[in-house]
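J.: Give me the fold of what follows.
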Amino acid sequence: MKKFTLLVLLLSAITAFSQNAPINFETGGYGADWTWTVFENEDNPALEIVSNPDMSGVNTSATVAKFTARQAGQPWAGCESMHGTDIGTFTLSANNSSVKIMVYKSVISDVGIKFVKPDGWSMGEIKVANTVVDAWEELTFDFTSQLQDGYDQIVVFPDFDLNGRTQDNVVYFDNITFSEQGGGTGSEPEIAAPTPTLDAQYVISMFSDVYTDVPVDTWRTDWSDGLLTDVMIDGNPTKKYHSLNFVGIETVGANLIDATDMTHFHLDMWTPDANDFKVKLVDFGADGAYAGGDDTEHEITFAAPTTESWISYDIPLSDFTDLLNRDHLAQLIFVKAPLGTIFIDNVFFYDDAVGLDENANINSFKLDNYPNPISTSTTISYTIPKSELTEISVYDLSGRTISTLVNTTMEAGTHQTKWEITNEKPGVYFIKIKAGNFIDVKKCILQ
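T.: Residues are numbered from 1 along each chain as shown. Got it, this is the predicted structure:
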């Protein structure tokens with residue numbers, strides 16, 4: 001085959017799933033000269049292409065899009081590209097299903113993105129809320145549930161707030177990119193953090209799908225040294241901090257947390273980096289003000305944490321020995337210096353007075369997997385009562401090792417890993433755990 005013919009075929013294959021991107025609103029780029037139509041926004045002021053209002057943060061682009069969400073506009077007011085001619089006709093596949101957008105907003109509300117086919121058909125928008133105000137933030141949308149061909153329009157809902165607006169809100173957005181979902185590279189978790197099982201009445205949650213969260217002012221203060229991206233891990237909202245030295249999370253003013261009746265602080269953390277991980281709690285004291293003379297704080301260091309596996313930290317609040325009070329908690333600080341990446345989920349305080357802390361009371365090993373029988377994958381949950389060199393392997397009936405899923409020292413607690421089915425034939429398989437001197441085997445059926 002001639003090279004020219006091969007090149008044409010390769011280009012044809014690329015255009016089958018590529019869209020005109022990144023949408024960066026720069027001269028000579030994509031987006032600035034597109035035909036954007038504003039809808040459901042009272043008088044529908046046009047989308048503007050303007051100078052970047054803040055080039056000191058994570059977005060140093062020269063020009064960005066400006067959307068004015070009218071107070072009297074619909075909560076779902078937004079803007080859409082012209083069918084076909086702007087973003088082009090493309091396939092949403094595994095290669096481009098992670099969509100990111102940078103936003104600069106004065107309020108906390110959902111941002112929605114939707115893809116539409118020429119006949120107007122869509123699977124609906126996916127929404128992610130910004131977590132900071134008056135600063136650029138990159139949001140990540142997982143479109144793996146909407147893989148289809150024939151899309152030719154993008155719709156952006158910059159200020160999707162069903163509670164309504166109290167004023168006109170100006171939203172800037174920029175740098176819409178498409179990439180492959182993370183997975184298999186060791187740099188991001190493939191499964192979600194363990195699901196908490198504590199009774200909600202004993203929990204003060206800051207971030208968890210399981211519980212109702214208390215208000216948090218920001219998940220990244222402007223004095224932080226690191227970046228924040230909201231991501232979906234196995235369908236579960238997760239905080240990703242990257243290029244991280246330290247990050248401050250604040251619950252100040254009316255949002256101060258009173259954890260007087262709580263005994264423990266919990267979070268789930270995943271990291272690809274072995275450098276130390278630190279957690280600090282800061283109480284602003286009775287005056288509720290920073291540096292008011294009655295502030296107390298304490299930082300705990302976890303040396304060389306296990307990498308590439310979810311770690312469930314259940315820290316007795318009594319371990320924060322210099323935190324003299326905990327009825328005006330205002331700051332939570334994570335440190336991963338020098339420079340690292342952490343994924344965070346299930347951040348909450350809880351009361352263990354009635355023996356709710358499962359990890360603190362673990363005295364036996366456990367191995368389970370679900371679903372069983374298996375079709376495409378199974379999640380393996382295992383519990384170890386103390387730090388052990390742990391191996392999780394899958395065997396067939398002949399005793400041949402199919403896959404080694406874990407082979408590292410794991411800390412005490414409940415952990416999860418996943419066996420993804422590749423070329424295995426239907427039949428009986430065995431999942432084996434070896435942790436220290438403990439060995440257990442579970443039979444599973446691959447259909």
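J.: Going by neighbour count, which residues in the strand ranked longest in the chain are buried?
T.: The single longest strand within the chain, with elements called by DSSP state E, is strand 329-350. Residues of strand 329-350 classed as buried by neighbour count (16 or more other CB atoms under 10 Å): 329-336, 340-350. Any C-beta I mention is one placed from the backbone N, CA and C, and that applies to glycine too.
J.: same check, this time on stretch 219-232
T.: Applying a neighbour-count criterion of 16+ other CB under 10 Å, one finds Trp219, Arg220, Thr221, Ser224, Gly226, Leu227, Leu228, Thr229, Asp230, Val231, Met232 buried in stretch 219-232.
J.: Strands - which of the residues you listed land there?
T.: Per DSSP E, the buried residues of stretch 219-232 map to strands at Gly226, Leu227, Leu228, Thr229, Asp230, Val231, Met232.
J.: If we only consider the residues you listed, which is nearest to Thr408?
T.: Val231 (23.6 Å; CB to CB).
J.: Please list all residues in contact with the closest one.
T.: Thr140, Asp142, Gly182, Glu188, Pro237, Thr238, Lys239, Lys240, Phe343 (CB atoms under 8 Å, 6 or more residues apart in numbering).
J.: tell me the contacts of the fifth one?
T.: Under the criterion of CB under 8 Å, 6+ apart, the contact list for Pro237 reads Asp209, Asp230, Val231, Asp345.
J.: want to throw these into a markdown table with distance to Lys418 and pLDDT?
T.: Below are these laid out as a markdown table (distance: CB to CB, whole Å; pLDDT from 0 to 100):
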| residue | distance to Lys418 | pLDDT |
| --- | --- | --- |
| Asp209 | 18 | 89 |
| Asp230 | 22 | 87 |
| Val231 | 17 | 86 |
| Asp345 | 16 | 96 |
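J.: and of the residues you listed, the nearest to Ala412?
T.: Nearest to Ala412 among these, with distances taken as CB to CB, is Asp345, at 18.9 Å.
J.: Quick check: bridge partners of the closest one?
T.: In this entry, Asp345 is beta-bridged to Asp268, by DSSP bridges.
J.: can you give me the helices for the chain?
T.: Taking DSSP state H as the criterion, the chain contains helices spanning 3-15.
J.: low-scoring stretches of it, by residue?
T.: 1-18, 180-186, 353-364 (pLDDT under 70).
J.: Quick check: closest non-adjacent residue to Lys442.
T.: Nearest residue to Lys442 in three dimensions, chain neighbours excluded: Ile431, at 4.7 Å (CB to CB, 6 or more residues apart in numbering).
J.: Also Asp351?
T.: Here the residue nearest Asp351, using CB to CB, 6+ apart, is Tyr202, at 4.3 Å.
J.: ok, that neighbour to Asp345 distance?
T.: 19 Å (CB to CB, to the nearest Å).
J.: Then Asp168?
T.: With CB to CB as the criterion, Asp168 and Asp345 are 35 Å apart.
J.: residues touching Ile233, list them.
T.: Residues in contact with Ile233 (CB under 8 Å, 6+ apart) are Glu188, Pro189, Glu190, Ile191, Ala192, Ala193, Phe343, Asp345.
J.: all strands of the stretch 301-447 of the chain, in order?
T.: For the stretch 301-447 of the chain, the strands defined by DSSP state E, counting those that start in this stretch occupy 311-316, 329-350, 366-370, 377-384, 388-396, 401-410, 413-420, 427-435, 438-446.
J.: which secondary structure elements does the first one contact?
T.: In this structure, strand 311-316 makes packing contacts with strand 264-270, strand 413-420, judged by 3 or more CB pairs under 8 Å, 6 or more residues apart in numbering; DSSP states H and E.
J.: let's see 6 Å
T.: strand 264-270 (3 or more CB pairs under 6 Å, 6 or more residues apart in numbering; DSSP states H and E).
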